[in-house]
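Enquirer: coords please:
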Amino acid sequence: MTQPLDGVTVVALEQAVAAPLATRHLADLGARVIKIERPGRGDFARDYDHVVHGTGAHFVWLNRGKESLAVDLKTDEGRAIVRKIIDRADVFVQNLAPGAAARLGLGSADLRAERPELITVNLSGYGTGGPFEQRKAYDMLVQAEAGLISITGTPGTPVKTGIPTSDIAAGMYCVQAVLAALVRRGRTGEGATVDVSMLEATVEWMGYPLYTSMHTGAQPARMGLSHPAIAPYDAYPTADGQILIGVQNDSGWRTLVTAVLDAPELADDPRFVTNVDRVTHRAACDAAVADLTRRWSTAELDDRLAAAGVPAAEIRELDDVVHHPQLRERNRWRRVGTEHAEVDALLPPVTFADVEAPMGDVPKLGQHTRALLRELGLDDQGLFG
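Expert: Residues are numbered from 1 along each chain as shown. From the prediction side, this is the model:
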């Protein structure tokens, strides 16, 4: 069967997380992705750490299925090579500092002047123009500017999310943009110039708290694991640990206290009948639930909640996630090669019924340089001696 993006070539001048995430997803959909890297060092995510058999964990996560071309863009020769490759491509993605691609002759205007059918995607921290255009835009900083940190954590301590949310948000909007542009080009033959900013991607994901603040004039409180508009919705103690319970409607509350916790008298307690009542009396509601959940072990209570259809989950450590029974039963793990060893990798969450994601190897720096130059009909002696 044909991969969804079979025949599509993407050239990526990228580093770190956001753009590499986008192009890795395109590779998982069958696109040919050619990653441009600096000779000697490459994408600096290669050296964030070396925990995956000598390769950086970020780099393994974000770069499977790509071809690595190591060329020096400070030289005329290097820039000419990249232009030749882009001339054969469908998509060009870059996340250099604002203005850097244009200074290299790789700006959207220059590239599309010669090939209007080309799709170019420019990913930046804050977008083109505006007072923040030239600011550094690491994930933590963008989370702060987007207000995400202000609503994450406990009442006393704001924190960033445990994963690079702003990077991921921007990367996923890049994927969306490429797919939409390819569909439009298939109809009209017209390419596209697309800008994606980490700030705007993150603020878009702030929808509920942002609208709440805009229309109440109040900053939503940091609630830890809880939810400002729903109760009970938190971690509750068990005989040997804790479990998360989230009840989002009044029938769910009645099921929780009658079918799971064996406390039917709470169903009609005037403090708890509706969600508005339960939020108003959150402390009393949480205390009542906690007094009852302590009677069972985590596994026992998890089974009772699942049998009754009450939303609940165990708080798993990462080792538990690797061995999660759902991932195991659905056969979601595959093996991919890295520079030094084969490693386990999770299938992408988009599952086509007729074809599996190719999940190619993680390239070593410059692994495909010779082959790519020869494909272009270029002499590689100048680069390799």
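Enquirer: so what's residue 160 up against?
Expert: By Cβ atoms under 8 Å, 6 or more residues apart in numbering, residue 160 lies in contact with 139, 140, 143, 144, 148, 149, 152. (C-beta placed from N, C-alpha, C; glycine too.)
Enquirer: Could you identify the buried members of the residues you listed?
Expert: In terms of neighbour count (16 or more other Cβ atoms under 10 Å), the buried residues within the contacts of residue 160 are 139, 143, 144, 148, 149, 152.
Enquirer: how about the strands of the stretch 251-385 of the chain, start to end?
Expert: 312-313, 333-337, 342-346 (DSSP state E, counting those that start in this stretch).
Enquirer: Considering the buried ones among the contacts of residue 160, which is situated nearest to residue 188?
Expert: Using Cβ to Cβ, residue 139 comes nearest to residue 188 of the buried ones among the contacts of residue 160, at 35.5 Å.
Enquirer: so can I have a markdown table of the strands of the stretch 251-385 of the chain showing mean pLDDT and distance to residue 292?
Expert: Output for the strands of the stretch 251-385 of the chain, formatted as a markdown table (pLDDT from 0 to 100; distance: least, Cβ to Cβ, whole Å):
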| stretch | mean pLDDT | distance to residue 292 |
| --- | --- | --- |
| strand 312-313 | 96 | 13 |
| strand 333-337 | 96 | 38 |
| strand 342-346 | 96 | 36 |
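Enquirer: Could you verify my assumption that residue 55 touches residue 342?
Expert: No - because the distance of 11.6 Å does not satisfy Cβ atoms under 8 Å, residue 55 is recorded as not touching residue 342.
Enquirer: Who has more neighbours out of the two?
Expert: Comparing residue 55 with residue 342 by neighbour count (other Cβ atoms under 10 Å), the higher total belongs to residue 55, at 21 against 11.
Enquirer: Find the nearest non-adjacent residue to that one, please.
Expert: In this structure, residue 55 finds its nearest non-sequential neighbour in residue 338, 4.9 Å apart by Cβ to Cβ, 6 or more residues apart in numbering.
Enquirer: And residue 26, by the same measure?
Expert: residue 10 (5.4 Å).
Enquirer: Look at that neighbour and tell me its secondary structure.
Expert: Three-state assignment for residue 10 (DSSP: H, G, I helix; E, B strand; the rest coil): strand.
Enquirer: What degree of burial does it show, as a neighbour count?
Expert: So residue 10, with other Cβ under 10 Å, has 23 neighbours.
Enquirer: One more: residue 27?
Expert: Neighbours of residue 27 using other Cβ under 10 Å come to 26.
Enquirer: tell me the contacts of it?
Expert: 10, 33, 64, 65, 66, 358, 360.
Enquirer: still on that earlier bit, so for the residue nearest to residue 55, what's the pLDDT?
Expert: Among the per-residue scores, residue 338 shows a pLDDT of 96.
Enquirer: which residues does the residue most central in space within the chain contact?
Expert: Residue closest to the mean C-alpha point of the chain, counted by Cα atoms, centre = their mean, is residue 168 at 3.1 Å. Counting by Cβ under 8 Å, 6+ apart, residue 168 touches 17, 18, 21.
Enquirer: related to what we said a few turns ago, quick check: the residue nearest to residue 26 touching residue 28?
Expert: No - if you go by Cβ under 8 Å, residue 10 and residue 28 don't touch, sitting 11.8 Å apart.
Enquirer: Just the ones of the contacts of residue 160 in helices?
Expert: Residues from the contacts of residue 160 lying in helices, with DSSP state H as the criterion: 139, 140, 143, 144.
Enquirer: closest to residue 373 among those?
Expert: When those are compared against residue 373 (criterion: Cβ to Cβ), the nearest one is residue 139, at 34.5 Å.
Enquirer: and residue 223, how far is that from residue 177?
Expert: 33 Å (Cβ to Cβ, to the nearest Å).
Enquirer: Oops, could you answer that again for residue 122 instead?
Expert: 10 Å.
Enquirer: For residue 283, the count of nearby residues, please.
Expert: Around residue 283 there are 8 other residues, counting by other Cβ under 10 Å.
Enquirer: Now do it, the pLDDT please.
Expert: 96.
Enquirer: And the helices in the stretch 51-200 of the chain?
Expert: 57-62, 76-87, 100-103, 108-114, 139-145, 165-188, 198-205 (DSSP state H, counting those that start in this stretch).
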